[in-house]
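Here you go, sequence then predicted model.
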Amino acid sequence: MIELKDIHKAFGTNKVLRGVNLTIPKGESMVIIGGSGTGKSICLKCILGLIHPDKGTILLDGSDVATAERDAFLARFGMLFQGGALFDSLTVWQNVAFRLLRGLLKRPKAEAREIAIEKLRRVGLKPEVADMFPAELSGGMQKRVGLARAIAAEPEIIFFDEPTTGLDPIMAGVINELIREIVSEMGATAMTITHDMSSVRAIADKIAMLHDGVIQWTGPVEDMDQSGDPYLDQFIHGRADGPIEAVR
Amino acid sequence: MIRILAHIGSSVLGILATIGRVALYAIEAVSHIIRPPFYIKEFAQALLYIGYFSFPVVGLTALFTGGALALQIYAGGARFNAEAVVPSIVAIGMVRELGPVLGGLMVAGRVAASVAAEIGTMKVTEQIDALVTLSTHPMKYLTVPRVLAATLAMPVLVGVGDVIGIMGGYLVGVTRLEFNAATYLHNTIDFLESWDVVSGLIKASVFGFIVAMMGCYHGMNSGRGAQGVGRATTNAVVSASVLILASNYILTELFFSA
């Protein structure tokens, strides 16, 4: 279980997070929605320790992440980055097996390659892709490789940062389905950030709406359309009028 | 007036803060050199790129510099009948000063720029964050192999460059200035001391460290987007070049002041 307690983060005078409180139970798929620049990615990065919150506590299974042993802590996570964040200088299989080729989870090279090819197959890519470089792949294929890398070491917790951004609707649907399937079959705890409402409906067990640096609403995805929350209502229907200021 | 003073003050504070950040970064990088894990493959790749692939640019620079130096010393020496000093001055000038400094500046242009651009691009495309989430320390994986490779490769590059530079002077001396080939070589070897060579190689090692450190530091601190990476690249080359020239003066004072 991941718990965020009163998380604050500012960049200069810009207070991005102003007291975020959120609980993600084990095995659940939580989707955080909200406008651009509301601090959704900052939340993920705070949990991973990529950014340090100014105030507040983040607990993973009851232990403060700030005092956790870094390697063992990070070994529990997988992350799919918005742009894929694949390493240009490495082949696809080396990207996927990155964690299996070094550190705590190191395996023999042949075994790591086999696992990488298996994970590529799991996300719908053929073994021939394994020896290509990321620059030779389309955007959709890069997302799949990023997804394969995120699940390669079978993490307990997976983060997805804007998994469908930049993809056409059909490819976005495919990625959404893959995420849902993989999270269900691995029994992983998932946390997704997205603007894409079709992703929300496909991936989420629960959703949290982040606005003005705080969680405005949280609840099961089934309750989303009847929430009665004006912020959530405006966001999911994409209306220009409402409590969320739209800059024209 | 107060506004001008405030502007000067904030600029000075900014420069001091940057120096502090670079120093802390360098100390952290050095501390990681001796602590596992070690990324041997990344080190070998950096050695190949910084050392082997910089050889043509350093070699050509040394060749033409040695030739030009011979012409200049001959022309200058002719004013007081000291043309005979050409071989020894070319040799000493190359190994003590021009070899390491020009080699360092050429490598700064080539390596600091590409390292800053590569790491800067990795930063803006979240590859550095991805490294962290994959339990890999960016300092160990990206900075240490490059800094170590540049520090070790530069003396070798400059050593070879010194030989080529002296050969450039020899070719010009023998073919254009009508020196006797055997006498030229004899004078070169006779007047060259081992400390001349060693001091140049130590300088080269320091310059290699500076080049890689500036490339990595500016890459890691790159701003967002293409403009941020472009600025990081420029800053890396400029700061590496200035630091090479400044440290060259300090090292020369240390090595040769009476």
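All right, it came through fine.

Secondary structure element for B:F55, which one?
helix B:55-77 (DSSP states H and E).

do B:V211 as well
For B:V211, the enclosing helix or strand under DSSP H and E is helix B:194-220.

what element comes up after that helix heading to the C-terminus?
Per DSSP H and E, helix B:194-220 leads on to helix B:225-256 as the next helix or strand towards the C-terminus.

which helices and strands sit right next to that next one?
Helix B:225-256 is packed against helix B:99-107, helix B:113-124, helix B:194-220, with contacts defined by 3 or more C-beta pairs under 8 Å, 6 or more residues apart in numbering or on different chains; DSSP states H and E. For every residue, glycine as well, the C-beta is placed using N, CA and C.

which stretch among these comes nearest A:M30?
Relative to A:M30, the nearest member of the helices and strands packed on helix B:225-256 by C-beta to C-beta is helix B:113-124, separated by 27.7 Å.

Which elements pack onto the helix or strand just after the closest one?
The helix or strand immediately downstream of helix B:113-124 is helix B:127-133, counting by DSSP H and E. Of the remaining helices and strands, those touching helix B:127-133 by 3+ C-beta pairs under 8 Å, 6+ apart are helix A:40-48, strand A:77-80, helix B:113-124, helix B:138.

For helix B:127-133, C-alpha coordinates in PDB please.
Once non-C-alpha atoms are left out, helix B:127-133 reads as follows in PDB (Å, rounded to 0.1, in the frame of the first residue of the first chain):
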ATOM      1  CA  GLN B 127      16.400   8.800 -19.600                       C
ATOM      2  CA  ILE B 128      18.300   9.900 -16.500                       C
ATOM      3  CA  ASP B 129      15.100   9.400 -14.400                       C
ATOM      4  CA  ALA B 130      14.600   6.100 -16.000                       C
ATOM      5  CA  LEU B 131      18.200   5.100 -15.000                       C
ATOM      6  CA  VAL B 132      17.400   5.900 -11.400                       C
ATOM      7  CA  THR B 133      14.100   3.900 -11.400                       C
END
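
average model confidence for the next helix or strand after it?
Beyond helix B:127-133 in the direction of the C-terminus, DSSP H and E gives the next helix or strand as helix B:138. Mean per-residue pLDDT for helix B:138: 94.

Give me the angle between whichever helix or strand comes after helix B:138 and helix B:55-77.
Along the chain past helix B:138, the next helix or strand (assigned with DSSP H and E) turns out to be helix B:144-175. Between helix B:144-175 and helix B:55-77, the angle formed by their directions is 40 degrees, by axes from the mean of the first three to the mean of the last three C-alpha atoms, to 10 degrees.

Say whether chain A is contacted by helix B:144-175.
No: using C-beta under 8 Å from any C-beta of the partner chain, no contact is recorded between helix B:144-175 and chain A, whose separation bottoms out at 12.3 Å.

buried stuff in the following helix or strand past that helix?
Tracing the chain past helix B:144-175, the next element assigned as helix or strand by DSSP H and E is helix B:181-191. Going by neighbour count (16 or more other C-beta atoms under 10 Å in any protein chain shown), the buried part of helix B:181-191 is B:184-185, B:187-188.

Kindly indicate which of the residues you listed lies nearest B:M94.
Ranking those by separation from B:M94, with C-beta to C-beta as the measure, puts B:T188 on top at 9.8 Å.

Tell me if I'm right that the closest one and B:I166 touch.
Yes: in terms of C-beta atoms under 8 Å, B:T188 counts as a neighbour of B:I166; the distance is 6.1 Å.

Give the residues shared as contacts by those two.
With contacts taken as C-beta atoms under 8 Å, 6 or more residues apart in numbering or on different chains, B:T188 and B:I166 have B:90-91 as neighbours in common.

And the longest helix along chain A, what does it pack against?
As assigned by DSSP state H, the longest helix anywhere in chain A is helix A:169-186. Under the contact criterion of 3+ C-beta pairs under 8 Å, 6+ apart, helix A:169-186 touches helix A:139-151, strand A:157-161, strand A:189-193, helix A:197-203.

Could you export those as a markdown table, including mean pLDDT?
Formatted as a markdown table, those follow (pLDDT from 0 to 100):
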| stretch | mean pLDDT |
| --- | --- |
| helix A:139-151 | 91 |
| strand A:157-161 | 94 |
| strand A:189-193 | 93 |
| helix A:197-203 | 90 |
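
Switch these over to CSV; also include distance to chain B and mean neighbour count.
Written out in CSV, the entries for the helices and strands packed on helix A:169-186 read as follows (distance: least, C-beta to the nearest C-beta, whole Å; neighbours: other C-beta atoms under 10 Å in any protein chain shown):
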stretch, distance to chain B, mean neighbour count
helix A:139-151, 8, 25
strand A:157-161, 8, 23
strand A:189-193, 13, 25
helix A:197-203, 19, 19
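
So, low pLDDT: which residues of the chain?
With no chain named, the answer covers chain A. Within chain A, the ranges that satisfy pLDDT under 70 run A:246-248.

wait, I meant chain B there
Counting by pLDDT under 70, chain B contains low-confidence ranges at B:258.

Which residues are in contact with the residue lying closest to B:L63 once chain neighbours are set aside?
Counting by C-beta to C-beta, 6 or more residues apart in numbering or on different chains, B:G168 is the residue found nearest to B:L63 once chain neighbours are left out, at 4.2 Å. Shown in contact with B:G168 (C-beta under 8 Å, 6+ apart): B:62-67, B:69-70.

cutoff 7 Å now
B:62-67 (C-beta atoms under 7 Å, 6 or more residues apart in numbering or on different chains).

Next, give me the two most distant ones among these.
Across the contacts of B:G168, no pair lies farther apart than B:A62 and B:G67, at 9.7 Å, counting by C-beta to C-beta.

circling back to that earlier point, now the helices and strands packed on helix B:127-133 as CSV including mean neighbour count and distance to A:L4?
Converted to CSV, these look like this (neighbours: other C-beta atoms under 10 Å in any protein chain shown; distance: least, C-beta to C-beta, whole Å):
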stretch, mean neighbour count, distance to A:L4
helix A:40-48, 23, 7
strand A:77-80, 26, 15
helix B:113-124, 23, 26
helix B:138, 19, 25
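
so can I have TSV of those showing distance to B:T151?
Listed next are these as TSV, based on distance: least, C-beta to C-beta, whole Å:
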stretch	distance to B:T151
helix A:40-48	32
strand A:77-80	34
helix B:113-124	13
helix B:138	19
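
Any idea how many residues pack against A:K109?
12 (other C-beta atoms under 10 Å in any protein chain shown).

Check the one 3 residues further on too.
Each residue near A:A112 was counted by other C-beta under 10 Å, and the total is 22.

and if you look at B:E253?
A total of 9 residues lie near B:E253 under the criterion other C-beta under 10 Å.

quick one: it from B:A246, how far?
For B:E253, the distance to B:A246 under the criterion C-beta to C-beta, to the nearest Å works out to 11 Å.

Just give the nearest non-adjacent residue to the residue nearest the centre of chain B, would you?
The C-alpha lying nearest the average C-alpha coordinate of chain B belongs to B:G104 (C-alpha atoms, centre = their mean; 2.4 Å). Take B:G104 and drop its neighbours on the chain: the residue closest to it by C-beta to C-beta, 6+ apart is B:F207, 3.3 Å away.

In contact with the one you found, which residues?
Residues in contact with B:F207 (C-beta under 7 Å, 6+ apart) are B:100, B:104, B:154, B:244.
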